[in-house]
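Visitor: mind looking at a prediction? Sequence and model below.
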Amino acid sequence: MQHGRPTSNMKTFAIAAIDGYQRFISPKGFSCAHRVRTGGASCSRLAKRAIARLGMVAGVLVTIRRFEACALSLIHISEPTRLLSI
């Protein structure tokens, strides 16, 4: 019986976990702040694609940078709302 490489198994599991998040956990009609601001792919879609193409380590690093950009996008798009509530 052959076993896949551990990184291959982790990659498969990570992609399946993201699929599960997208289908069952992420609210319907929800888009991350970065997608709203830029019109690009959502964070979870980018993470899935990065892990599939680059592997776990590089894919996770790309995803972390994207989460940081998404947090900044959230601040940017919510700033007018915050100013109006002062």
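Guide: Looks like it came in fine. Every value quoted in this text rests on a predicted model; they were computed, and no experiment measured them. Numbering: from 1, shown residues only.
Visitor: any low-confidence regions in the chain?
Guide: Residue ranges of the chain with pLDDT under 70: 1-7, 80-86.
Visitor: mind jotting down where the strands sit in it?
Guide: Assigned by DSSP state E, the strands in the chain number zero.
Visitor: identify the residues contacting Ile75.
Guide: Applying C-beta atoms under 8 Å, 6 or more residues apart in numbering to Ile75 gives no contacts. (C-beta placed from N, C-alpha, C; glycine too.)
Visitor: now Ala17
Guide: Ala17 touches nothing, counting by C-beta under 8 Å, 6+ apart.
Visitor: from Glu79, how far off is it?
Guide: 32 Å (C-beta to C-beta, to the nearest Å).
Visitor: show me the contacts for the closest residue to Leu54 other than its chain neighbours.
Guide: Nearest non-adjacent residue to Leu54, counting by C-beta to C-beta, 6 or more residues apart in numbering: Val62, 6.6 Å away. Applying C-beta under 8 Å, 6+ apart to Val62 gives the contacts 46-47, 50, 54.
Visitor: one more time with 10 Å
Guide: 46-47, 49-51, 53-54 (C-beta atoms under 10 Å, 6 or more residues apart in numbering).
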